[in-house]
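> Show me the folded form of this:
(one chain, ligands or ions: 2)
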Amino acid sequence: ARDALSKLWPRAWSVPRFRAFTRKVDLVKRAVITGITGQDGAYLARLLLNKGYKVFGTYRRTSSVNQWRIQELGIAEHANLELVEYDLTDQGTSIRLIEQAQPDEVYNLAAQSFVGVSFEQPATTAQITGVGALFLLEAIRMVNRKTRFYQASTSEMFGKVQAVPQNEHTPFWPRSPYGVAKLYAHWMTVNYRESYDIFGASGILFNHESPLRGREFVTRKITDAAARIVRGRQEILELGNLDARRDWGYAEEYVEGMWRMLQTDHPDTYVLATGRTESVRDFVNLAFAAVDLPLHWQGQGIDEVGVDAKGQVRVRINPRFYRPAEVELLIGDAGKARTELGWEARTSLEDLCRTMVQADLARVEHDRSF
Ligand code: NDP
Ligand code: GDR
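Ligands and ions are numbered 1, 2, ... in the order given. Reported below is the predicted structural model:
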């Protein structure tokens, strides 16, 4: 109804008090998701559309269309989804986004999210991943302080971990420009909560994966390679640090946690995690077992290789994939989310890995390379 009014009666619509009035009588909740072309943005959009929300999903202008995730989820043409061109680094677009969408909830999922690249492009990462969140908070402060805000914070903020497992009270020690930028955005969210009474929630999410994960991240790189190798499309997989340990969960469950954080009475900070940690090597073993090509390991350090039953080397180390500073061990304690949000991770790593491998096998068979 609000959309129709804005078109039928543009002069009245240009008056902020009129728009505010229509919001009060509009029962459909409105949400902005920045980064809808990413893994979490796509899953969250589907969740909110299924809950009856009107969703404004932001995308960046690129020379080629990049909507394969929302297409795979079957929501690209949904009547309640509006795609909005937007760049986090442009303060004006943040203000216009909040003015035009008049959202009840904003989920800030857009970021330069790849840790490895953040070492190569630290300033860009700071602008997008750090200051970009501030632009949105400022827009909310200027346009409508009742807008609820979710910031996609990360276990990378724990970095060189100071306690095991990590929870909301564990001190931060980020180990990458990405982690530092995210920490800035996290504290800005807390600061706007304390300074201006803005409902700013921060979700410290541990790694979460899915068939929609980008192929540069280690889990998807591994499941994609396992599928290609077993189908004869690739010879070998090159990786960096096999000893890094991560707490890997299933992305679709984590976006449900984001939504729950904005439905509480008071804004807060929550950890979402599975409470289980495994190494990159363990994940390789799971993925190659899922394609019936079990590996055994030989050698040490950068000479370590994963060999199949016929003696062929399938995995080797390439120092190019090591990071200047590594996060060695992550394992989260999501007890607060369980108690206060009723949220819990349910999918086992074995099931998650198998689902990802099956999706990649199907892609190889249909010659689709997302
Ligand atoms: P993705 O990398 O899959 O998606 C990131 C999104 O941000 C993409 O839509 C991307 O657009 C968009 N984006 C990047 N730069 C800009 C910019 N300058 N302006 C506007 N949009 C931009 O990330 P995930 O979905 O995996 O993660 C979602 C969020 O959660 C991120 O902020 C990430 O840092 C954080 N996070 C993720 C975790 C995980 O394990 N997945 C764990 C903890 C936190 P484009 O498609 O054009 O590149
Ligand atoms: P991460 O995810 O850095 O935890 O950030 P990624 O999958 O990139 O790395 C996980 C671990 O695997 C090691 N690794 C490799 N990583 C990649 N990408 N490629 C390799 O070849 C490789 N070999 C070993 C890495 O060194 C690392 O220890 C993800 C992102 O989604 C962030 O946005 C998010 O905030 C965190 O998870 C939580």
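
> Residue numbers of the chain in contact with ligand 2?
Taking C-beta under 6 Å from any ligand atom as the contact definition, the chain meets ligand 2 at 113, 115-116, 154-156, 206-207, 216-218, 221, 239-241, 244, 246, 280, 321, 323, 326-327. Glycine gets a C-beta too; all of them are placed from N, C-alpha and C.

> Check the gap between the closest residue in space to residue 175 that isn't next to it in sequence and ligand 1 for me.
Spatial nearest neighbour of residue 175, excluding adjacent residues (C-beta to C-beta, 6 or more residues apart in numbering): residue 159 at 3.7 Å. Using C-beta to the nearest ligand atom, to the nearest Å, residue 159 is found at 13 Å from ligand 1.

> wait, residue 159 sits on residue 171?
No: using C-beta atoms under 8 Å as the test, residue 159 is too far from residue 171 to be in contact (10.1 Å).

> These two - which one has more neighbours?
For the pair residue 159 and residue 171, the greater number of neighbours falls to residue 159 (21 against 11), based on other C-beta atoms under 10 Å.

> where does that one land in three-state SS?
Here residue 159 is coil, with the state taken from DSSP: H, G, I helix; E, B strand; the rest coil.

> Quick one: residues contacting it.
Residue 159 sits next to 172, 173, 174, 175, 176, 179, 325, 327 when contact means C-beta atoms under 8 Å, 6 or more residues apart in numbering.

> go again using 7 Å as the cut-off
173, 174, 175, 179, 327 (C-beta atoms under 7 Å, 6 or more residues apart in numbering).

> who wins for most neighbours among the residues you listed?
Neighbour tally across the contacts of residue 159 (other C-beta under 10 Å): the maximum, 25 neighbours, falls on residue 179.

> wait, is that residue part of a strand?
No: read with three-state DSSP, residue 179 is helix and lies in no strand.

> so it sits right up against residue 153, yeah?
No: with contact defined as C-beta atoms under 7 Å, residue 179 does not count as touching residue 153 (10.2 Å).

> picking up where we left off before, mind putting the contacts of residue 159 into TSV with distance to ligand 1, secondary structure and pLDDT?
Shown next, in TSV, are the contacts of residue 159 (distance: C-beta to the nearest ligand atom, whole Å; DSSP: H, G, I helix; E, B strand; the rest coil; pLDDT from 0 to 100):
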residue	distance to ligand 1	secondary structure	pLDDT
173	16	coil	98
174	13	coil	98
175	15	coil	98
179	10	helix	98
327	12	coil	97
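
> and of the residues you listed, the nearest to ligand 2?
Distance to ligand 2 across the contacts of residue 159 (C-beta to the nearest ligand atom) is lowest for residue 327, with 5.9 Å.

> so who does that closest one touch?
Contacts of residue 327 (C-beta under 7 Å, 6+ apart): 156, 159, 175, 244.

> can you pull out the helices in the stretch 101-250 of the chain?
Counting by DSSP state H, counting those that start in this stretch, the stretch 101-250 of the chain has these helices, from start to end: 115-120, 122-125, 132-143, 177-196, 218-230.

> who's in contact with stretch 269-279?
For stretch 269-279, contacts defined as C-beta under 7 Å, 6+ apart pick out 165-168, 202-206, 242-247, 249, 254, 257, 261, 329-334, 336-337, 341, 343, 345, 349.

> out of those, which are buried?
165-167, 202-206, 242, 244-247, 249, 254, 257, 261, 329-334, 336-337, 341, 343, 345, 349 (16 or more other C-beta atoms under 10 Å).

> which parts of the stretch 201-350 of the chain sit against ligand 1?
By C-beta under 6 Å from any ligand atom, the residues of the stretch 201-350 of the chain that approach ligand 1 are 205, 207, 208, 214.

> That concludes my questions; thank you for your assistance.
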